[in-house]
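Participant: let me see the structure of the following:
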Amino acid sequence: MVNILRKYQQPLLIGITILVIASFVWYWNGPAGHAGAGLGGSNTAATIYGQGVTETDIKQDVNKWRIAQALGLNSLLQGLSGNAQNQQEALENFVWDSYVFNHEADALQVFPTDAEVRDEEARVPFFQTDGQFDANKLNEFVQNVLPSMGFNDSIIDDLVRQQVRVRKVTNLIGATVDISPAELRNRFIAENEKMDIAVIRLNSSDLEKSITVTDDEAKKAYDEHKDTYRSDEQRKVSIASFELTDAQKALTGRTRTEALQKLGEDAWNFAQAVVDKSADFAAQAKKASAPLSQSAFFTETQPDSALAKIPSLATTAFRLTKDLPSSDVVEGQNGDYVLHLEDSVPSRQLSFDEAKPKVVAQIQKDRATQMMQTRANQIRNQILAALKAGKTITEAATLAGVSAEPMAPFSLSDASKLDVPDLEQIIQNSISLGDHQLSEFTTTAAGGLFIYVNGRQAPDKNAVAIGEETMKDQFTHEKQMGAFLEWLRLRKADARLQIVQR
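Facilitator: Presented below is the predicted three-dimensional model:
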């Protein structure tokens, strides 16, 4: 079977995690779910529109979300996951917004035709090969994936129909909004004007090293926060590898993709064979002809060299438990891997002598932060005074004992291409500043920084005119989607949703 988590998802929606799904399902299987007897039965997890939603319903909706993710049904996921900030929130929104959306779409009498559903199904990203619908991929998905989730092929029709329905309702709600020429022009200019800025950095490392901490101060801090000073948990894992051979690593294009897909299929089948905690991992690896290696004990921040080839392997290792000792398939550049938890050393309380380096470092960091803020306030006042006196930002920074580092002019639209430390803080400060303004002090991992905006250069009139026309559909769609999500939020508020709390 093709590894469904591998090649065909849109970047925005990559990242299905067993941890997120397991935690959500556990919630409804845990004390919260069974506390709902008063809502209409011991299996009732919530009520919406006065009707009970069972734990079984929740599990089915979770699997629908996973299927929609795997197939790349992005319009459906975007519409029913709302403005989620993380995977957990996206999943929860999808579950409850599905009920609300269906209720309201029924009231609006919006029902896609069978022809619309067939056309949409032919465009599902996962079922494409070289830009064309591939019936073999559809059949493989139906035969090898859906049964394990408790569905047959009708769920694909249902989800595709739901995607078409979301798009039709979005267009219906969005028909009431439009983007004016002035709004379009301002939006394009804001994303494409070049910002000329300078960055003033303050480094705290030297300041931290200069701070002396006595043994008495360290012991007092340790006693006050003893529970926070613990050793790192350690893990030992076995790794089953499904990798390209040395000859295959030289392959390119479709041939390489097909080789990786075959490995993905083998890895997926192996992962299914060892999903139960009673499975013999080593025996199954031998049966699958998968080379098996074993790590030494390691921590999450200092992984064993056996896991160094794929950074996510160490993170995956620390998600494993005694009840779920084998991982899902972990994708790498030259193949796939499945981990099995062999042993672990739990975290323990550190003695004062063991914890002393950490205690001292934390005290130094805390004191350096306070001193840095005081110093930053003094520097900012000095720079502002020099700027007011007619100095340039470079001259003003020098007078304050720091340096202003100019950045090459950039726009928001191409900011992602920049390779600059603390880029997120720089962008956030830049967009909120006017020309010739100095930002407040912003802390960073290395210390902190100021941003000074020398000015902005708008794109030329021809570029604006072309950009407005090119991006009109995109900006209009974003505004229509915003209207749809607000409509759905208001409808959800009237749905009388009651979730059983733990």
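
Participant: give me the below-cutoff pLDDT ranges for this structure.
Facilitator: 1-42, 501-502 (pLDDT under 70).

Participant: domain-wise, how is it divided?
Facilitator: For the chain, automatic domain parsing gives the domain ranges 11-177+481-499, 194-222+352-457, 234-345.

Participant: look at the second one and report the distance between its end residues.
Facilitator: Spelled out, it's domain 194-222+352-457. 5 Å (Cα to Cα, to the nearest Å).

Participant: distance from that domain to the middle of the chain?
Facilitator: Offset of domain 194-222+352-457 from its chain centre (Cα atoms, centre = their mean, to the nearest Å): 27 Å.

Participant: repeat that for stretch 92-104.
Facilitator: Taking mean C-alpha positions (Cα atoms, centre = their mean), stretch 92-104 and its chain are 22 Å apart.

Participant: for the stretch 201-350 of the chain, just list every one of the helices.
Facilitator: Taking DSSP state H, counting those that start in this stretch as the test, the helices found in the stretch 201-350 of the chain are 205-209, 215-224, 253-273, 281-287, 312-317.

Participant: and the second one, what other elements does it pack with?
Facilitator: Put plainly, it is helix 215-224. Packing contacts for helix 215-224, counted by 3 or more Cβ pairs under 8 Å, 6 or more residues apart in numbering; DSSP states H and E, involve helix 352-388. (C-beta placed from N, C-alpha, C; glycine too.)

Participant: buried residues of the helix it packs on, list them for me.
Facilitator: 355-356, 359-360, 362-364, 367-369, 372, 375-376, 379-380, 382-383, 386-387 (16 or more other Cβ atoms under 10 Å).

Participant: could you give the angle of it to helix 215-224?
Facilitator: If you take axes from the mean of the first three to the mean of the last three Cα atoms, to 10 degrees, helix 352-388 sits at 100 degrees to helix 215-224.

Participant: before we move on, the earlier item: okay if I get the domains of the chain as TSV plus distance to residue 228?
Facilitator: Conversion of the domains of the chain to TSV gives the following (distance: least, Cβ to Cβ, whole Å):
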stretch	distance to residue 228
domain 11-177+481-499	24
domain 194-222+352-457	9
domain 234-345	16
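
Participant: separation between residue 61 and residue 94?
Facilitator: According to Cβ to Cβ, to the nearest Å, residue 61 and residue 94 sit 7 Å apart.

Participant: the two: which has the busier surroundings?
Facilitator: residue 94 (23 against 19; other Cβ atoms under 10 Å).

Participant: single out the most deeply packed of the helices of the stretch 201-350 of the chain.
Facilitator: For the helices of the stretch 201-350 of the chain, the largest average neighbour count (mean count of other Cβ atoms under 10 Å) is found in helix 312-317, namely a mean of 19.

Participant: and that helix, what other elements does it pack with?
Facilitator: Packed next to helix 312-317, using 3+ Cβ pairs under 8 Å, 6+ apart, are strand 234-243, strand 330-332, strand 335-345.

Participant: quickly find the element holding the nearest residue to residue 412 once chain neighbours are set aside.
Facilitator: Spatial nearest neighbour of residue 412, excluding adjacent residues (Cβ to Cβ, 6 or more residues apart in numbering): residue 191 at 4.9 Å. Using DSSP states H and E, residue 191 falls within helix 181-192.

Participant: buried set for that helix?
Facilitator: So helix 181-192, judged by 16+ other Cβ under 10 Å, has buried residues 184, 187, 188, 189, 191, 192.

Participant: gap between that helix and the chain center?
Facilitator: That offset, for helix 181-192, works out to 28 Å (Cα atoms, centre = their mean).

Participant: elements contacting it?
Facilitator: helix 461-493.

Participant: elements contacting the helix or strand following the helix it packs on?
Facilitator: Next helix or strand after helix 461-493 toward the C-terminus (DSSP H and E): strand 498-499. On a contact count with 3+ Cβ pairs under 8 Å, 6+ apart, strand 498-499 meets strand 44-48.

Participant: next, the buried residues of the strand it packs on.
Facilitator: In strand 44-48, the ones that count as buried by 16+ other Cβ under 10 Å are 44, 45, 46, 47, 48.

Participant: quick one, that strand and helix 461-493 angle?
Facilitator: Using the same axes, to 10 degrees: strand 44-48 against helix 461-493 is 110 degrees.

Participant: any idea what residue 332 is bridged to?
Facilitator: With DSSP bridges as the criterion, residue 332 is bridged to residue 335.

Participant: run a quick neighbour tally on it.
Facilitator: The burial count for residue 332: 19, using other Cβ under 10 Å.
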